[in-house]
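Undergrad: prediction below, plus the sequence it came from.
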Amino acid sequence: MLANIFGTSPVQPLERHVGLAYKCTKQIIEFFEAVVAGDWDKADAVRADIERLEHEADDLKKEIRQHLPKSLFMPVPREDLLELLLVQDKMANRAKDVSGLVVGRRMEIPAAIAEDFLTMVGRSVDAAKQARKSVRELDELFTSGFRGAEVALVSELIEELDKIETETDNREAALRAALFAIESELEPVNVMFLYKVIGLIGEIADMAERVGRRLELLLSH
Amino acid sequence: MDAQLVYISLAAVFGIFMAWGIGANDVANAMATSVGSKALTIKQAILVAAVFEFLGAVLAGGEVTSTIRKGIVDADLLAGSPELLIYGMLAALLAAGTWLLIASKNGWPVSTTHSIVGAIVGFAAVGIGIDAVQWGKVGTIVLSWVISPLTAGFIAYLIYQSVQRLILTQEDPLEKAKRYVPVYIFFAAFTITLVTILKGLKHVGLTISLTSSYILAVAIAISIALVGAVAIQRIKPNPKAEKKQHFYTVERVFGVLMVVTACGMAFAHGSNDVANAIGPLAAVISIAQTGVIGAKSAIPIWVLALGGGGIVIGLATYGRRVIATVGQKITQLTPSRGFAAELAAATTIVIASGTGMPISTTHTLVGAVLGVGLARGIDAIDLRVVGRVFVSWVVTIPAGAFLAIVFFMLFKTILP
């Protein structure tokens, strides 16, 4: 009975969720390597992994929401935690969207931009990784009551995350420019979708950055 | 003669039944905090509880026992018919015990204190007459039920704030913890020792002057703090676990402190709640032996020991299961948070015991946990459940009273 006054702590589940979201996102490296290499069997297999991980993250998201009723009294607003959860989940969603698009249209990445393309994918995933690292400090933040040395540490992590995101942006711009230079040689519809794919990969980093923003909001309480 | 023997045996049986219930449920709740935070294993918790519940009951349980025994019913009104008080106290014990059994079966969070006080007030007001209840004293007791969770919450808030400021928000929490935790151990040991010496020792026939009491308390507290400091120095960081949770080793340092506060909690609980079982028993024995109400006899030590023993049996037979279940559910209460709650609750309870106020251990502990929560120490507290805990507190009083009235009428007809 005394035990029941403790609600389910959202901290560990949130950390687990960001771990899943990152794991899902990370798959797009292997995925695009397969696509560039023209190995569609491999790409399809990785795509299946991405879908499965995205589902897992989604289920966990629903479970966390169920265990966060309005009657909970927490050190930080429930809404902010739910928002954090939502953007974490969107990282995984974008990975699923982009891989789905590429598999569905059997898209080829032009050899001229392949290297830049893979670098951008890698950087975008780095942003997601940094988001995971930041969110994994949640339990320490809760322990220290969102004050003191731990807050400074998390602020630094978020700053680093912002840097990575800016870098991804720059790479995205460069990649678009490179694609623009060769686009007249390509099939117009394919070019259109290539821009779309680049945009979605950039969004993974955007979502990671938003994870940082949400975490920052928690720090200011 | 025969009748007296019947009364005393009945009272002893009901008293042990009640003490068993307290040990099975109440104590288990109090000890689960330490088990949940992994400061103690279940076996260690039972050992600590057995020793310190017993010590608390024998050394510091006298004042509350007196209140239950003769503070609620106005004995002067019953001078002509002392057997009514015997029936009443028997009825109250049986009523409170029965209600606790029903509540435990259904998982309702009820308080032993509230049920026994409700039961005594019930039989006195209805069975004897409204004037038979010392309403002034009952009012004070009810007030203490409001004040105790608030006080514990306030103390817990302050303690946890200090922990955050001094240790958890610092750059080097481990170093700071090693420095300050012995100080907390000192304060925990000092408070509980002092109240015991000031209020408890006279029941075992020792009298010590005020100055010597303080000196003795400081001396005992320093030695406990030193033992704690040695234990803390022996804790070595575990880099593997540390990687996952920065505060891993810090919490282990607090674990040492929590062993001390767990002892304090068991002691405090014994000093307050054992009275619920043996207060009525003591009343029955005193009347049955002397034939007069309100004789100035001290509470026999064997009665306190009986209560302590009953609690230990309850703990060993049924309480370990409760500890295991509750302990698993309250992992949020890490040692740094759990100790703050336990220390605040134990201090409040021991002070209440010293002034003879029968309060609810569980509600005091809930108040303390909320205090830690207000200091942003708990990840999530379910306010709905907190509400239910306090509602059941109110429901328990009439329930205990009703059952006591029924049993009282029954005893009046069937007993000699």
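TA: That came through, no problem.
Undergrad: scan chain A for its longest helix.
TA: With secondary structure taken from DSSP state H, chain A has its longest helix at helix A:149-182.
Undergrad: is that helix up against chain B anywhere?
TA: Yes - using CB under 8 Å from any CB of the partner chain, we find that helix A:149-182 touches chain B at A:149-150. Every C-beta, even on glycine, is put in place using the N, C-alpha and C of the backbone.
Undergrad: tell me what that helix is packed against?
TA: Applying 3 or more CB pairs under 8 Å, 6 or more residues apart in numbering or on different chains; DSSP states H and E, one finds that helix A:149-182 makes contact with helix A:111-135, helix A:138-143, helix A:188-219.
Undergrad: angle of the longest one against helix A:149-182?
TA: Angle between the axes of helix A:188-219 and helix A:149-182 is 170 degrees (criterion: axes from the mean of the first three to the mean of the last three CA atoms, to 10 degrees).
Undergrad: how far is helix A:188-219 from where the chain is centred?
TA: Here helix A:188-219 shows a centroid-to-chain-centroid distance of 8 Å under the convention CA atoms, centre = their mean, to the nearest Å.
Undergrad: what helices and strands are in contact with it?
TA: Under the contact criterion of 3+ CB pairs under 8 Å, 6+ apart, the helices and strands touching helix A:188-219 comprise helix A:11-37, helix A:78-105, helix A:111-135, helix A:138-143, helix A:149-182.
Undergrad: may I see the buried residues of the one helix or strand B:Ala57 maps to?
TA: When elements are defined using DSSP states H and E, B:Ala57 is found to belong to helix B:42-60. Neighbour-count burial for helix B:42-60, with 16 or more other CB atoms under 10 Å in any protein chain shown as criterion, is recorded at B:42, B:45-46, B:48-60.
Undergrad: how about stretch B:346-362?
TA: For stretch B:346-362, a neighbour-count test (16+ other CB under 10 Å) marks B:346-354, B:356-362 as buried.
Undergrad: next one: stretch A:119-137
TA: Residues of stretch A:119-137 classed as buried by neighbour count (16+ other CB under 10 Å): A:120-121, A:123-137.
Undergrad: and it, how far from the chain's centre?
TA: Centroid separation for stretch A:119-137 versus its chain: 7 Å, with CA atoms, centre = their mean.
Undergrad: contacts for that stretch?
TA: Taking CB atoms under 8 Å, 6 or more residues apart in numbering or on different chains as the criterion, the residues outside stretch A:119-137 that touch it are A:14-15, A:18-19, A:21-22, A:25-26, A:28-29, A:32, A:84, A:88, A:91, A:150, A:153-154, A:157-158, A:160-161, A:164-165, A:167-168, A:171-172, A:175, A:198, A:201-202, A:204-205, A:207-209, A:211-212, A:215.
Undergrad: ok, stretch B:146-161 next?
TA: With CB under 8 Å, 6+ apart, stretch B:146-161 has contacts from B:184, B:337, B:340-341, B:343-345, B:347-349, B:352, B:357, B:359-360, B:363-372, B:374-375, B:377.
Undergrad: buried residues in it?
TA: By neighbour count, and taking 16+ other CB under 10 Å as the criterion, the buried residues in stretch B:146-161 are B:147-149, B:151-157, B:159-161.
Undergrad: ditto for stretch A:174-183
TA: If you call a residue buried by 16+ other CB under 10 Å, then stretch A:174-183 has these buried ones: A:175-176, A:178-179, A:183.
Undergrad: got it, and stretch A:207-221?
TA: Within stretch A:207-221, the residues that qualify as buried are A:207-212, A:214-216, A:218-219, counting by 16+ other CB under 10 Å.
Undergrad: quick one: mean pLDDT for that stretch?
TA: Averaged across stretch A:207-221, the pLDDT comes to 91.
Undergrad: swap in stretch B:255-273?
TA: 89.
Undergrad: do it and chain A meet?
TA: No - judged by CB under 8 Å from any CB, stretch B:255-273 stays clear of chain A, getting no closer than 12.1 Å.
Undergrad: how about the residue in chain A that chain B sits nearest to: what's its closest non-neighbour residue?
TA: Of all residues in chain A, the one sitting closest to chain B is A:Gly148 (2.3 Å; CB to the nearest CB). The shortest distance from A:Gly148 to any residue that is not its chain neighbour, by CB to CB, 6 or more residues apart in numbering or on different chains, is 2.3 Å, and that residue is B:Thr169.
Undergrad: ok, now which ones touch that neighbour?
TA: Residues near B:Thr169 by CB under 8 Å, 6+ apart: A:144-145, A:147-150.
Undergrad: contacting residues for the residue nearest in space to the middle of chain A?
TA: Nearest to the geometric centre of chain A sits A:Met91, at 2.9 Å (CA atoms, centre = their mean). Contacts here follow CB under 8 Å, 6+ apart; on that basis A:Met91 touches A:21-22, A:24-25, A:128, A:131, A:204, A:207-208, A:211.
Undergrad: again, but for B:Leu10
TA: By CB under 8 Å, 6+ apart, the neighbours of B:Leu10 are B:90, B:284.
Undergrad: buried ones in the helix or strand harbouring it, by neighbour count?
TA: B:Leu10 is part of helix B:2-21 when elements are defined by DSSP H and E. Within helix B:2-21, the residues scored as buried using 16+ other CB under 10 Å are B:4, B:7-8, B:10-12, B:14-21.
Undergrad: want to try CSV for those, with pLDDT as columns?
TA: As requested, the buried residues of helix B:2-21 are arranged in CSV below (pLDDT from 0 to 100):
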residue, pLDDT
B:Gln4, 81
B:Tyr7, 86
B:Ile8, 87
B:Leu10, 88
B:Ala11, 89
B:Ala12, 89
B:Phe14, 89
B:Gly15, 89
B:Ile16, 88
B:Phe17, 87
B:Met18, 88
B:Ala19, 88
B:Trp20, 86
B:Gly21, 83
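Undergrad: out of those, which is nearest to A:Val36?
TA: Proximity of these to A:Val36 (CB to CB) peaks at B:Gly21, which lies at 71.9 Å.
Undergrad: separation between B:Trp20 and B:Tyr157?
TA: From B:Trp20 over to B:Tyr157 the distance is 35 Å, taken as CB to CB, to the nearest Å.
Undergrad: brain fart, B:Ala75
TA: Relative to B:Tyr157, B:Ala75 is positioned 41 Å away (CB to CB).
Undergrad: thanks a lot, see you next time.
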